[in-house]
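In: Quick one, fold the following:
(one chain, ligands or ions: 1)
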Amino acid sequence: MTKPFVLIYGDARLPYTVQEDPARSSRIGIHVEPDGTVMVDAPPGFSDQAIQQAVQKRARWITTQVAEAAGRFAHVRPREYVSGEQILYLGRRYILKVVVATRPSKFAKLRGNRLEVETRTSARDEIQGRVRAWYRARARDYFAQRIDEISAKLSWIEAPPPFRLLEMNRQWGSCSPSGHVILNPHLVKAPRDCVDYVVIHELAHLKHHNHSPDFFKLLDQQVPRWEQHKRTLDNMVELAFSE
Ligand SMILES: [Zn+2]
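Out: Below is the predicted model:
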């Protein structure tokens, strides 16, 4: 169950989303996502008034976080899809090379430090489409391979779970209650350690379907430095999610 609320602080009006979190008993939790979305987790049975009061108490912290997120996004320039632009793949930077050919090949491919795309025209949409398709294909292959390899090492997993790609606005991955892993194709731009962290995070949800202390205990055991990977991912959201 989610409900829209608005925090008013000075001149700022910040909408936020409240969801009930059965793992909580006494306090609400507030998260500001990298894109500035404010999410509040409340224990079951908390009244709207109690939630609003608790959020109001942290209004200054929330507005600061939201302003910082907005600042990070302000630097993003829209991509033009021309030769020389940077392409991120598994944490490395490649240079886009657009080749206009009369009989272009169907696929984009990596050559040395370049991603080469052959097209009939240098129209932005056509090149963007090729680059996106290339990212999706690479993401599907790489994530499937990592899910298989990592699943084999985790004691609570008998067989690698089904997974699919889905572009999400503010999440790198998720795990459905029925055990399907969903990964954001943009994640293939992140360093390998960060991809593994997201995969293990979602696989840990096959054992604990929540963000309870037991979940984080398991995550700590499997990825001792996961907070560092999460920070890296938070900092690259603006770059990775812009297209
Ligand atoms: Zn999670």
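In: max-length helix in the chain?
Out: As assigned by DSSP state H, the longest helix anywhere in the chain is helix 124-153.
In: Give me the sheet partners of the helix or strand just after it and which way each runs.
Out: Per DSSP states H and E, the first helix or strand lying C-terminal to helix 124-153 is strand 163-165. For strand 163-165, the paired strands and their directions (DSSP bridges) read strand 181-183 (parallel).
In: Average pLDDT for the strand it pairs with, rounded please.
Out: Mean pLDDT, strand 181-183: 96.
In: tell me what the next helix or strand along the chain from that strand is packed against?
Out: Using DSSP H and E, the helix or strand that follows strand 181-183 in sequence is helix 192-204. Here helix 192-204 touches helix 124-153, strand 173-175, strand 181-183, helix 213-222, helix 226-241, going by 3 or more C-beta pairs under 8 Å, 6 or more residues apart in numbering; DSSP states H and E. The way it works is simple: take the backbone N, C-alpha and C, and place the C-beta from them, glycine included.
In: before we move on, back to that, between the longest helix of the chain and helix 192-204, how many degrees?
Out: Inter-element angle recorded for helix 124-153 and helix 192-204: 60 degrees (by axes from the mean of the first three to the mean of the last three C-alpha atoms, to 10 degrees).
In: now helix 124-153: mean pLDDT?
Out: 96.
In: again with stretch 9-26
Out: 85.
In: so how far is that stretch from its chain's centroid?
Out: Its chain's C-alpha centre and that of stretch 9-26 lie 21 Å apart, by C-alpha atoms, centre = their mean, to the nearest Å.
In: Quick one: end-to-end length of it, please.
Out: Stretch 9-26 has an end-to-end distance of 25 Å (C-alpha to C-alpha, to the nearest Å).
In: so how far is residue 209 from the residue nearest the centre of the chain?
Out: Geometric centre of the chain, nearest residue: residue 172, 2.3 Å, by C-alpha atoms, centre = their mean. Per C-beta to C-beta, to the nearest Å, residue 172 is found 18 Å from residue 209.
In: Also residue 217?
Out: 15 Å.
In: How about residue 225?
Out: 24 Å.
In: ok, residue 203 touching residue 155?
Out: No - with contact defined as C-beta atoms under 8 Å, residue 203 does not reach residue 155; the gap is 11.2 Å.
In: Residue 98 sits in which helix or strand?
Out: Here residue 98, judged by DSSP H and E, is contained in strand 92-100.
In: Determine the number of other residues adjacent to the nearest residue to residue 142 once chain neighbours are set aside.
Out: Of all residues not flanking residue 142 in the chain, residue 188 sits nearest, at 5.9 Å (C-beta to C-beta, 6 or more residues apart in numbering). Each residue near residue 188 was counted by other C-beta atoms under 10 Å, and the total is 24.
In: ok, the residue lying closest to residue 174 once chain neighbours are set aside to residue 36 distance?
Out: Closest residue to residue 174 apart from its sequence neighbours, by C-beta to C-beta, 6+ apart: residue 182 at 4.8 Å. Note on residue 182: its distance to residue 36, by C-beta to C-beta, is 22 Å.
In: picking up where we left off before, neighbour count: residue 225 and residue 209, which is higher?
Out: Counting neighbours by other C-beta under 10 Å for residue 225 and for residue 209 shows that residue 209 has the greater number, 15 against 10.
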